[in-house]
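S.K.: mind looking at a prediction? Sequence and model below.
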Amino acid sequence: MRKPKTIECLYLDFDGFFASVMQQVYPHLRNKPVGVVPFAGTDRTAVIACSKEAKKAGCKNVMKIKDARAICPSLILVPQEPDLYRRAHNNLLSEISAIIPIDAIKSIDELTCRLDASQRKNPQKVAEQIKTRLKKYIGSYITASIGFAPNRQLAKIAGKQNKPDGVTIWQPDMIPNVLKSLSFDDIPGIGKRMEQRLHRAQIFTMEQLLNISPKHMRKLWHSVAGERLWYALHGYDIFAQKSERGMFGHGRVLPPDSRTIKKAKEIARLLLIKAARRLRREGYYAARLVLWLAIRDGSYSDGLKMPIVNDDKAMLDALDMMWLKVEEKIPHNMIFRLHITLCDLSFANARQIDMFLDDDEERQKWEKITQAVDSLNKKYSKTIISNGEWKPPKGGNVGGKISFTRIPNAQDFW
């Protein structure tokens, strides 16, 4: 395992990305506390993302609106514009690429780069070049915090130490001592449950954690992830393991006028079609549909095994079957939020036909119909044909909502 002798990685994190984009586009929001919400006129959902000014006042991302307003009465609520964030993301990447090649896009507001030999000698200059270019060609209201370190994990941690709009440089000889003053919250990979496990093991500080052995870390984490984290925190070059796709899904907070059983089903149908389109674009089939609902007195969930399918007809039939149970078990309940998930995935070229079901001829027919619908929608860059009425709810952009982990595709907004 290699231990770099110099800085090799840059990690960039845009500050309050969604709200900052809104401030850059809409001058009346600049230098004011802004909270981005799912749709206009809501006061019962959450602030999805907030601006630097709102965070300074004490607001946090994914905070209840009433709590955010109690902390910051002057908070300005604005409805989300997911396609705007997607386009801003692409423009920002283009400008950064003019300074340094992008190694990996970690999320819509985070990315990492590898420095060449000349850039390693003066990382501060690289950061200044990026910031200057973004300010000149994008605007001054979208800022970024940048961390430099021997590996990606350390660069990410460094970048969060001087937010917003800061630059932190950790040379190899500063590792791991520079980490000893940090809290567990500062370390990606240490959540609340892991912190509790460390406390049970009588480990209460980063210094104590850094002083144990890699094998001990592996034992505490119950997996090799703990050992990999040890090496990353001690300055070794650890490559991210390739992750496999486990599901396709979409969720939605329902507008007040769509919280009945009947109207919630219509939104579930649209979300399922959106998830199925993504499934097909990436060449997968699914064998299970999962439904989750947030209701007045708790939650409701159900799952249904399907043949290995990727056409809209099969998935909508499965949803119809599941919704009969919804109508039976929670007939008069209000539905505040729902989530649709397609899982038990397999690649299209690895699909196995159920020999007892004998529906391959029917499946092939509906797959051809679905492919024709997809082709027409792609040709016109919008949903012109769908299985059932296509009427997005208040807030629009079914399946194209804000995501902190997934970068939307232009097709998500059709």
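M.R.: Great, that's in hand.
S.K.: quick one, phi psi at residue 132?
M.R.: With angles defined as degrees, to the nearest 10, residue 132 sits at phi -60, psi -40.
S.K.: sketch out the low-pLDDT regions of this structure for me.
M.R.: 240-243, 350-360, 394-406, 410 (pLDDT under 70).
S.K.: quick one: the helices in the protein, in order.
M.R.: 17-25, 52-56, 65-71, 82-97, 117-121, 123-137, 152-159, 192-200, 206-210, 214-221, 224-233, 261-281, 312-329, 360-380 (DSSP state H).
S.K.: buried ones in the first one, by neighbour count?
M.R.: In other words, helix 17-25. Applying a neighbour-count criterion of 16 or more other CB atoms under 10 Å, one finds 17-24 buried in helix 17-25. Using the backbone N, CA and C atoms, a C-beta is placed for each residue, glycine as well.
S.K.: got the domain ranges for the chain?
M.R.: 9-14+85-233, 17-81, 250-413 (automatic domain parsing).
S.K.: okay, those in CSV with distance to residue 2 next?
M.R.: Output for the domains of the chain, formatted as CSV (distance: least, CB to CB, whole Å):
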stretch, distance to residue 2
domain 9-14+85-233, 10
domain 17-81, 33
domain 250-413, 29
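S.K.: to residue 239, which of those lies closest?
M.R.: domain 9-14+85-233 (8.5 Å; CB to CB).
S.K.: follow-up on the earlier one: mind putting the helices of the chain into JSON lines with distance to residue 342?
M.R.: Below are the helices of the chain laid out as JSON lines (distance: least, CB to CB, whole Å):
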{"stretch": "helix 17-25", "distance to residue 342": "26"}
{"stretch": "helix 52-56", "distance to residue 342": "35"}
{"stretch": "helix 65-71", "distance to residue 342": "31"}
{"stretch": "helix 82-97", "distance to residue 342": "21"}
{"stretch": "helix 117-121", "distance to residue 342": "42"}
{"stretch": "helix 123-137", "distance to residue 342": "37"}
{"stretch": "helix 152-159", "distance to residue 342": "31"}
{"stretch": "helix 192-200", "distance to residue 342": "27"}
{"stretch": "helix 206-210", "distance to residue 342": "39"}
{"stretch": "helix 214-221", "distance to residue 342": "30"}
{"stretch": "helix 224-233", "distance to residue 342": "26"}
{"stretch": "helix 261-281", "distance to residue 342": "5"}
{"stretch": "helix 312-329", "distance to residue 342": "7"}
{"stretch": "helix 360-380", "distance to residue 342": "14"}
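S.K.: which one of those helices lies closest to residue 177?
M.R.: So among the helices of the chain, helix 206-210 is nearest, using CB to CB, at 8.6 Å.
S.K.: how much space separates the residue nearest to residue 259 when sequence neighbours are not counted from residue 196?
M.R.: For residue 259, ignoring the flanking residues on the chain, the nearest one in space by CB to CB, 6 or more residues apart in numbering is residue 334 at 4.6 Å. Distance check for residue 334 against residue 196: by CB to CB, to the nearest Å, it reads 35 Å.
S.K.: so between the two, which is more surrounded?
M.R.: residue 334 (16 against 10; other CB atoms under 10 Å).
S.K.: and the more buried one, what is it in contact with?
M.R.: 259-260, 295-296 (CB atoms under 8 Å, 6 or more residues apart in numbering).
S.K.: are any of those buried, and which?
M.R.: 259, 295.
S.K.: check the contacts of residue 334 against residue 172 and report the nearest one.
M.R.: Looking across these and measuring by CB to CB, the closest to residue 172 is residue 295, at 53.2 Å.
S.K.: distance of the closest one from residue 260?
M.R.: 12 Å.
S.K.: what do these two both touch?
M.R.: With CB under 8 Å, 6+ apart as the test, residue 295 and residue 260 both reach 334-335.
S.K.: save the buried residues of helix 17-25 as JSON lines, and put in distance to residue 7 too.
M.R.: Conversion of those to JSON lines gives the following (distance: CB to CB, whole Å):
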{"residue": "17", "distance to residue 7": "25"}
{"residue": "18", "distance to residue 7": "30"}
{"residue": "19", "distance to residue 7": "31"}
{"residue": "20", "distance to residue 7": "27"}
{"residue": "21", "distance to residue 7": "30"}
{"residue": "22", "distance to residue 7": "34"}
{"residue": "23", "distance to residue 7": "32"}
{"residue": "24", "distance to residue 7": "30"}
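S.K.: okay, and the beta partners of the nearest residue to residue 342 once chain neighbours are set aside?
M.R.: Of all residues not flanking residue 342 in the chain, residue 286 sits nearest, at 3.9 Å (CB to CB, 6+ apart). Assessed by DSSP bridges, residue 286 has beta-bridge partners residue 309, residue 345.
S.K.: any idea how many residues pack against residue 177?
M.R.: 10.
S.K.: equivalent analysis for residue 117, please.
M.R.: Other residues near residue 117 come to 7 when the count uses other CB under 10 Å.
S.K.: and for residue 220?
M.R.: 20.
S.K.: how about the residue lying closest to it once chain neighbours are set aside, what does it touch?
M.R.: Computed as CB to CB, 6+ apart, the closest residue to residue 220 that is not its neighbour in sequence is residue 226, at 5.5 Å. Contact partners of residue 226, counting by CB under 8 Å, 6+ apart, are 217-220.
S.K.: if we use 7 Å, what do you get?
M.R.: 217-218, 220 (CB atoms under 7 Å, 6 or more residues apart in numbering).
S.K.: one step back: which one of the helices of the chain lies closest to residue 31?
M.R.: That would be helix 52-56 among the helices of the chain, by CB to CB, at 6.6 Å.
S.K.: can I get the closest one in PDB, CA atoms only?
M.R.: Presented in PDB, the C-alpha positions along helix 52-56 are these (Å, rounded to 0.1, in the frame of the first residue of the first chain):
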ATOM      1  CA  LYS A  52     -24.900  30.400   4.200                       C
ATOM      2  CA  GLU A  53     -26.700  33.300   5.900                       C
ATOM      3  CA  ALA A  54     -29.400  30.900   7.200                       C
ATOM      4  CA  LYS A  55     -26.800  28.500   8.400                       C
ATOM      5  CA  LYS A  56     -25.100  31.300  10.300                       C
END
